[in-house]
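1. after the sequence you'll find the predicted model.
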2 protein chains.
Amino acid sequence: MPRTKPSLEQLAIGIDIGGTGTKFGIVDRLGNLLFSSEMSTRKHKEVETFIDDLHANLVPMIEQAGGIGRMKGIGLGAPNGNYYTGTVEYAPNLPWKGILPLAKMVEEKFKLPVVLTNDANAAALGEMMYGAAQGMKDFIMITLGTGVGSGIVANGKLIYGHDGFAGELGHTIIIPDGRMHDGTGKKGSLESYASATGVRLTALELLEKNDTPSLLRNVNKDELDSKKVYDAAMEGDELAKEIFEYTGKILGMALANFVMFSSPEAIVLFGGLTKAGDLILKPTREHMEANLIQVFQNKVKILVSHLKESDAAILGASALVWELK
Amino acid sequence: MPRTKPSLEQLAIGIDIGGTGTKFGIVDRLGNLLFSSEMSTRKHKEVETFIDDLHANLVPMIEQAGGIGRMKGIGLGAPNGNYYTGTVEYAPNLPWKGILPLAKMVEEKFKLPVVLTNDANAAALGEMMYGAAQGMKDFIMITLGTGVGSGIVANGKLIYGHDGFAGELGHTIIIPDGRMHDGTGKKGSLESYASATGVRLTALELLEKNDTPSLLRNVNKDELDSKKVYDAAMEGDELAKEIFEYTGKILGMALANFVMFSSPEAIVLFGGLTKAGDLILKPTREHMEANLIQVFQNKVKILVSHLKESDAAILGASALVWELK
């Protein structure tokens, strides 16, 4: 049987595995998301049944897109995913524990080549191919969601490090002996401040520490989250604005350190917290510049991703496929 | 006239320009330093006379090594040297101010291709080709001298960043609102603690802060330096040991952040402070590990360069030449 001739019409499958849900779709080389859907991750106690379900969901989609012969391969983004080994290792947010040979399992099920990396690296590739970082050879992607993820591109390539785990910028220590991170047991990491979780903790701390009047005092503590802080700030609440100020201050300091490491052309921000716009971006820029030595000042763009959040993860994962030889 | 046929016998000229002196030599592909010498940098008020002198010094050396036809090119390491532009920009420790097109000037004088980078990047290349990082594709070089320099290699390549200035790890902020750095005006940078200057400042602070008896109290404050602290520590002086403990603690925290950035196989340390051996290395290792998240723990080697300090700078600069097409 002759092999399918590689052509511009080849397509890529992108799969983004998150703690709650898994998004998947079929993408062309230009970054058009031709088909997409999602399913639950959490309800699958066993990784095997998860892959069976994923396969069952994707087969009709693949048929619709012209059949398996048009698929160049599968790109997988997953928390704690390792590009070199194709494994997912001790991912705290996934229902499956230990070291999983996920790339191999998916490859055997689908009979297609599979490339795997962590979700933030996939997001960085997506931005480089289709998003805010198009044409850039040096940039840093930071995802500000429940946690803080990152993907670093230098010399036009993702930095994976010697073991495939590079780019854990959310865990760098910004405030020595600072706020405890429950997941890691470390103190003062970026993630414990500049994430949705961090914003909530800052809010609780500031509400406790002083008695400034604030709309946030009317919110039940269990329900206090970064969205509520945002809403209050938009109504002019001073304390809510201070919370974003403080978050931006810490994030800006961290970004300055990242800039002095790899001197990127831009830092691309993505995720829930970026919706706060200038409430967080203004102090972030300001404190980044204030901590940079002269040679780096007023050079580095802070950009917000303009990819649709629901599509970006799939686009990013699919972008891995085009690197396949 | 037929061009000299490129062959394994080609040689490289390495020049390391420091604030006080300039070292230069001729190196073969295996890293043998065939000829070397040095001259003053500081006494040349004009960069033009500096280059004239450098040329006059090198011409007889080149002749001895087989003539200009055997030279593949010149590698230049200089503080604030920019790989992309071949310029040295606002180097605080050099006698010449502003932006200097140094690569171009040397090229015109010697009629040989010239590659320039900053001194720490050159040192990293030297370690990769001839030193502790041989065969590594991901490592970080940190020079602990009067200041703190760095060169970062990822995916087998130096990270220059979008503008050629990447790798200023000495200026990353480790202690927010910490010790003032006179040169940059920034507070709490690695360099203000983990350099020879930083050790001196820590000594002065600790001597002031408490009244522990110490050999260092007999030293005139103007003469107190990292060498005197080392000598005291070797005689068992507790305060002197505490100074290195503290320096190692800050350095270790910083290294943890660097590891979580690029996940290097090793961190190679070089320069005066490394002579303190385990006095500084032990706390550095300990605090690096304590600040790393699990996935990075007990993986990253901290190595001390074994290149002869006087040769390393020339070897590093010469290593640039082999990248020339």
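-> Here it is on my side, so go on. Numbers count the residues shown, from 1 in each chain, chains lettered A, B, ... in the order given.

2. tell me which element the closest residue to residue A:283 other than its chain neighbours falls in.
-> With sequence-adjacent residues excluded and distances taken as CB to CB, 6 or more residues apart in numbering or on different chains, residue A:283 is closest to residue A:248, at 2.9 Å. In this view, the C-beta of every residue, glycine as well, is placed from N, C-alpha and C. Following DSSP states H and E, one finds residue A:248 within helix A:238-262.

3. that older thread, neighbours of the residue nearest to residue A:283, how many?
-> Residue A:248 has 26 neighbouring residues, counting by other CB atoms under 10 Å in any protein chain shown.

4. against residue A:199, how distant is it?
-> From residue A:248 across to residue A:199, the span is 11 Å (CB to CB, to the nearest Å).

5. same check on residue A:189?
-> Applying CB to CB to residue A:189 and residue A:199 gives a distance of 15 Å.

6. looking at those two, which one has more neighbours?
-> Between residue A:189 and residue A:199, counted using other CB under 10 Å, the more crowded position is residue A:189 (31 against 28).

7. for the more buried one, phi and psi?
-> With angles defined as degrees, to the nearest 10, residue A:189 sits at phi -80, psi 160.

8. and it, what's its pLDDT?
-> You'll see residue A:189 listed with a pLDDT of 97.

9. from memory it sits against residue A:169, does it?
-> No: at 9.4 Å, residue A:189 does not count as touching residue A:169 under the criterion of CB atoms under 8 Å.

10. residue A:261: neighbouring residues, count only.
-> So residue A:261, with other CB under 10 Å, has 27 neighbours.

11. relative orientation of the helix or strand hosting residue A:284 and helix A:238-262 in degrees?
-> For residue A:284, the element it lies in under DSSP H and E is helix A:278-291. Note on geometry: by axes from the mean of the first three to the mean of the last three CA atoms, to 10 degrees, helix A:278-291 and helix A:238-262 are set 40 degrees apart in direction.

12. near chain B, which residues of the stretch 201-325 of chain A show up?
-> A:253, A:256-258, A:260-265, A:291, A:293-296, A:299 (CB under 8 Å from any CB of the partner chain).

13. how many neighbours does the residue in the stretch 1-150 of chain A that chain B sits nearest to have?
-> Among all residues of the stretch 1-150 of chain A, residue A:138 sits closest to chain B, at 4.3 Å; criterion: CB to the nearest CB. Residue A:138: 21 surrounding residues under other CB under 10 Å.

14. rewinding a little: just the CA trace of the helix holding residue A:284, in PDB.
-> Output in PDB follows, covering the C-alpha atoms of helix A:278-291 (Å, rounded to 0.1, in the frame of the first residue of the first chain):
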ATOM      1  CA  ASP A 278      -4.900  47.500  33.300                       C
ATOM      2  CA  LEU A 279      -5.900  46.800  36.900                       C
ATOM      3  CA  ILE A 280      -3.100  44.200  36.900                       C
ATOM      4  CA  LEU A 281      -1.100  45.100  33.800                       C
ATOM      5  CA  LYS A 282      -0.300  48.600  34.800                       C
ATOM      6  CA  PRO A 283       1.400  47.800  38.100                       C
ATOM      7  CA  THR A 284       3.000  44.700  36.500                       C
ATOM      8  CA  ARG A 285       4.700  46.900  33.800                       C
ATOM      9  CA  GLU A 286       5.700  49.500  36.300                       C
ATOM     10  CA  HIS A 287       7.300  47.100  38.700                       C
ATOM     11  CA  MET A 288       9.000  45.100  36.000                       C
ATOM     12  CA  GLU A 289      10.600  48.300  34.600                       C
ATOM     13  CA  ALA A 290      11.600  49.400  38.100                       C
ATOM     14  CA  ASN A 291      13.500  46.200  38.800                       C
END
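
15. report the separation between residue A:187 and residue A:98.
-> Distance, residue A:187 to residue A:98, by CB to CB: 27 Å.

16. contacts only, for the nearest residue to residue A:258 once chain neighbours are set aside.
-> The shortest distance from residue A:258 to any non-neighbouring residue, by CB to CB, 6+ apart, is to residue A:140 (5.6 Å). Residues in contact with residue A:140 (CB atoms under 8 Å, 6 or more residues apart in numbering or on different chains) are A:124, A:150, A:151, A:152, A:153, A:169, A:258, A:262, A:264, A:266, A:267, A:268.

17. next one: residue A:114
-> Here residue A:114 is in contact with A:73, A:74, A:75, A:76, A:86, A:103, A:104, A:106, A:107 (CB under 8 Å, 6+ apart).

18. next: residue A:203.
-> A:216, A:224, A:229, A:240, A:243.

19. how about the most centrally placed residue in chain A, phi and psi?
-> Geometric centre of chain A, nearest residue: residue A:120, 3.7 Å, by CA atoms, centre = their mean. The phi/psi pair for residue A:120 (degrees, to the nearest 10) reads phi -70, psi -40.

20. nearest to residue B:159, of the contacts of residue A:140?
-> residue A:262 (5.4 Å; CB to CB).

21. how many residues are close by that closest one?
-> 24.

22. what sits against it?
-> A:138, A:140, A:152, A:154, A:159, B:152, B:159, B:161, B:166, B:167, B:261.

23. can you list contacts of stretch A:236-250?
-> With contacts defined as CB under 8 Å, 6+ apart, stretch A:236-250 is touched by A:174-175, A:190, A:193-194, A:198-199, A:202-203, A:206-207, A:212-216, A:229-230, A:232-233, A:273, A:276, A:279-284, A:286-287.
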